[in-house]
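> here's a sequence, model it:
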Amino acid sequence: MNVLQAVRQYISKMVQDSGAGMKVLLMDKETTGITSMVFAQSEILQKEVFLFEKIDSPNRESMKHLKAICFLRPTRENIELLVQELKNPKYGLYYIYFSHFVDQADVRKLAEADDQEVVREIQEFFGDYFAINPHVFSFNITGVCRGGNWDRDVLSRCVSGLSAVLLSLKKQPAIRCQQGSMMAKNLADELNTLMKREATLFDFRRTDVPPVLLILDRRDDPVTPLLNQWTYQAMVHELLGIKNNRVDLSSAPGIAKELQEVVLSAEQDEFYQSNMYLNFGEIGANIKTLVDHFQVKSKSQAKVETIADMKQFIETYPQFKRMSGTVSKHVAVVSELSRVVAQQSVLQVSEVEQELACQSDHSTALQNVRRILATDGVKAIDCLRLVLLYAIRYERHGSNEVDALVDMLTRRGLPEKYIRLVSGIVDYAGKSHRNGDLFGGKTPLALTKKLLKGLKGVENIYTQHSPVLAETLDNLVKGKLKDQQFPYVGAQVVRDRPQDVIVFMIGGITYEEALAVYNINKTVPGVRVLLGGTNVHNTQSFLEEVSVGVYGRSGRELTV
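The predicted structure follows:
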């Protein structure tokens, strides 16, 4: 169950099926991102693909000596653009691959437009999602609901994307969804209907224990996306932002031009692959080791005295150059993270966040939130996130001081559109919208766990929190997830412990949850879990999600 490998195989097959000769890869905005997540440009160039174009680019040159590999989502806009393309073809031959089901009526349109008979192939390859890590995927959508109900276009996109994941991995799962979430039920019903309608496509070899697709709702855990993170991948996303594996460092002081945008891909970067789930302290030590190793290599490269030395230098130079790029990139990223952490008092903010998420002493929590709000140098988004966490945690507490904290935010100069998110977060994911035990303590087991944790103490005050998803998955893989809380949709039911699990979260996932899934895959024998969501959130994008869900505003307006 490796989504990176699944999408790579589709793209490799497209290139292979088009045969020998120079090629252009013609894509849309989404498939460009989907492709860049799994292949480096240099890697595709080795497959005789010499040009990358977007189908909506207006001034593309005519190059009849090139074959066009078209990888497109089957949207109305793309079909129209393709019809215009085929009426006046710019390339010699066309091999067309859609990322999902294409209507027969659209295929007829394309056939009618192909007067010059340049189309050699039309196929459906189910790569309709962004593969981030081998076990993580996303649809890159923020703002999935309006007042607790689906945006219809987003629902359709999620059905397409989820069915593509299942088809690319050859899975026909039993579907379970979160009780009390109409959005989860709607998605489960739509997907179940599609699987019945396309029964022949989903007719894969049966396994002893069917796979399980578990559909969850972000609103059941609004805390996780509001927390600062301390593992490498999650921290980069929270403090700098990762979009389609790219990190913008252009605002870092004194950054070299070639490092203003860097790529962090576990497929193409061994250091990142080995360190993405380690905490920040370990990353610092490992960066030093990497730099020391590079310096030793640099000295050995400098000694070119004999013909044998020259030969060795030429053979190892590409590896040396790649290592040089890796060192420069990670030193730049870690340096910028260190600067931001120090400048914006992130450690102090994170300690209070963890206390709000994991402890229940209202008086201490309120005192600490007030202290941070009164501290100069703390970013507006960090002040806001603490008040949001307080509002969720102590929503029904008798001594709730939300109004006083809102006054403090106002005095700090936060605009009204951010201030109203304090009530907005309760409207989006307050107690009346949640079914789970978000803060623990409702059940005897939860109370026992909390007591034991308190007796043992905490190893790291910045990483006390565990997402709700971790406990949900723990119950699922042990066969203890209750049917009443996560009912089945459709006829297929799994009574044994599942082996293959696909989790999809409406409203987005986080890299903290990706780490929880990674740890389950590493520690629980015979279980493979895949995690996907409408988006991968940091606090900024989650605030956009909440704003759109409650107020229907464009997320682009929210930049804290």
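> in contact with the nearest residue to Lys87 once chain neighbours are set aside, which residues?
Of all residues not flanking Lys87 in the chain, Ala113 sits nearest, at 5.2 Å (Cβ to Cβ, 6 or more residues apart in numbering). For every residue, glycine as well, the C-beta is placed using N, CA and C. Contacts for Ala113 (Cβ atoms under 8 Å, 6 or more residues apart in numbering) come out as 82-84, 86-87.
> most neighbours out of these, which is it?
Highest neighbour count within the contacts of Ala113: Leu82, with 26 neighbours (other Cβ atoms under 10 Å).
> just give me the closest of the contacts of Ala113 to Ser99.
Distance to Ser99 across those (Cβ to Cβ) is lowest for Leu82, with 13.3 Å.
> nearest spatial neighbour of the closest one, skipping sequence neighbours?
Closest residue to Leu82 apart from its sequence neighbours, by Cβ to Cβ, 6+ apart: Leu110 at 6.2 Å.
> repeat that for Tyr390.
Per Cβ to Cβ, 6+ apart, closest to Tyr390 is Val369, 5.4 Å.
> what about the one you found, how many neighbours?
Counted by other Cβ under 10 Å, the residues lying close to Val369 total 22.
> element containing it, please.
Secondary structure assignment for Val369, by DSSP states H and E: helix 362-373.
> same thing with Leu216?
Per DSSP H and E: strand 212-217 holds Leu216.
> CSV please, covering the contacts of Ala113 and showing secondary structure, distance to Val49 and pLDDT.
Output for the contacts of Ala113, formatted as CSV (DSSP: H, G, I helix; E, B strand; the rest coil; distance: Cβ to Cβ, whole Å; pLDDT from 0 to 100):
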residue, secondary structure, distance to Val49, pLDDT
Leu82, helix, 19, 96
Val83, helix, 24, 96
Gln84, helix, 23, 95
Leu86, helix, 21, 96
Lys87, helix, 25, 94
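> how many residues are close by the residue nearest to Val154 when sequence neighbours are not counted?
Among residues not flanking Val154 along the chain, Val144 sits closest, at 4.8 Å (Cβ to Cβ, 6+ apart). Val144: 27 surrounding residues under other Cβ under 10 Å.
> could you list the low-pLDDT ranges of the stretch 351-500 of the chain?
Residue ranges of the stretch 351-500 of the chain with pLDDT under 70: 440-459.
> helices along that one, start to end?
362-373, 380-393, 402-411, 416-419, 421-429, 444-456, 468-477 (DSSP state H, counting those that start in this stretch).
> in a markdown table, list those along with distance to Leu239.
What follows is these, written out as a markdown table (distance: least, Cβ to Cβ, whole Å):
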| stretch | distance to Leu239 |
| --- | --- |
| helix 362-373 | 17 |
| helix 380-393 | 10 |
| helix 402-411 | 21 |
| helix 416-419 | 19 |
| helix 421-429 | 20 |
| helix 444-456 | 27 |
| helix 468-477 | 22 |
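> out of those helices, flag the one nearest Phe39.
Relative to Phe39, the nearest member of the helices of the stretch 351-500 of the chain by Cβ to Cβ is helix 468-477, separated by 29.7 Å.
> CA atoms only: put the helix holding Val369 into PDB for me.
Once non-C-alpha atoms are left out, helix 362-373 reads as follows in PDB (Å, rounded to 0.1, in the frame of the first residue of the first chain):
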ATOM      1  CA  HIS A 362      -8.000  25.900  34.400                       C
ATOM      2  CA  SER A 363      -6.400  28.400  36.700                       C
ATOM      3  CA  THR A 364      -2.800  27.600  35.600                       C
ATOM      4  CA  ALA A 365      -3.800  27.500  31.900                       C
ATOM      5  CA  LEU A 366      -5.500  30.900  32.000                       C
ATOM      6  CA  GLN A 367      -2.600  32.400  33.800                       C
ATOM      7  CA  ASN A 368      -0.100  31.100  31.200                       C
ATOM      8  CA  VAL A 369      -2.200  32.100  28.200                       C
ATOM      9  CA  ARG A 370      -2.500  35.700  29.700                       C
ATOM     10  CA  ARG A 371       1.300  35.700  30.200                       C
ATOM     11  CA  ILE A 372       2.000  34.800  26.500                       C
ATOM     12  CA  LEU A 373      -0.500  37.300  25.200                       C
END
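> which of the residues in it are buried?
Neighbour-count burial for helix 362-373 flags 362, 365-366, 368-370, 372-373 (criterion: 16 or more other Cβ atoms under 10 Å).
> closest to Val501 out of those residues?
Ala365 (35.0 Å).
> roughly how far does that closest one sit from Leu438?
Distance of Ala365 to Leu438, given as Cβ to Cβ, to the nearest Å: 15 Å.
> do the same with Glu545
In terms of Cβ to Cβ, Glu545 sits 17 Å off from Leu438.
> the more surrounded of the two?
Neighbour comparison, Glu545 and Leu438: the larger count goes to Glu545, with 27 against 19 (by other Cβ under 10 Å).
> am I right that Leu421 is in contact with Leu384?
Yes. Assessed by Cβ atoms under 8 Å, Leu421 is found in contact with Leu384 at 6.9 Å.
> overlap of the contact sets of those two?
Common neighbours of Leu421 and Leu384 (Cβ under 8 Å, 6+ apart) are Leu543.
> those two: which is more packed in?
Neighbours were counted for Leu421 and for Leu384 using other Cβ under 10 Å; Leu421 has more, 26 against 23.
> and that one, what is it in contact with?
Taking Cβ under 8 Å, 6+ apart, one finds 384, 388, 543, 546-547 in contact with Leu421.
> swap the cut-off to 10 Å and go again
Applying Cβ atoms under 10 Å, 6 or more residues apart in numbering, we find Leu421 in contact with 384-385, 387-388, 391, 409, 414, 427-428, 543, 546-547, 550-551, 558, 560.
> ok, now Glu30?
Taking Cβ under 10 Å, 6+ apart, one finds 71-73, 75, 78, 99, 128-130, 139-140, 157 in contact with Glu30.
> most neighbours among the residues you listed, which one?
Highest neighbour count within the contacts of Glu30, by other Cβ under 10 Å: Ser99, with 28 neighbours.
> just give the closest residue to that one, not the sequence neighbours.
Ser99's closest residue in space is Asp128 (Cβ to Cβ, 6+ apart), at 4.0 Å.
> doesn't that neighbour belong to a strand?
No. Asp128 sits outside any strand when classified using DSSP: H, G, I helix; E, B strand; the rest coil, being coil.
> I'd like the distance between it and Gln540.
Distance, Asp128 to Gln540, using Cβ to Cβ: 26 Å.
> show the pLDDT at the closest residue to Thr32 other than its chain neighbours.
Excluding the flanking residues, the one nearest Thr32 by Cβ to Cβ, 6+ apart is Lys54, at 6.5 Å. On pLDDT, Lys54 comes in at 95.
> now do the contacts for Lys54.
Lys54 is in contact with 26-29, 31-32, 60, 81, counting by Cβ under 10 Å, 6+ apart.
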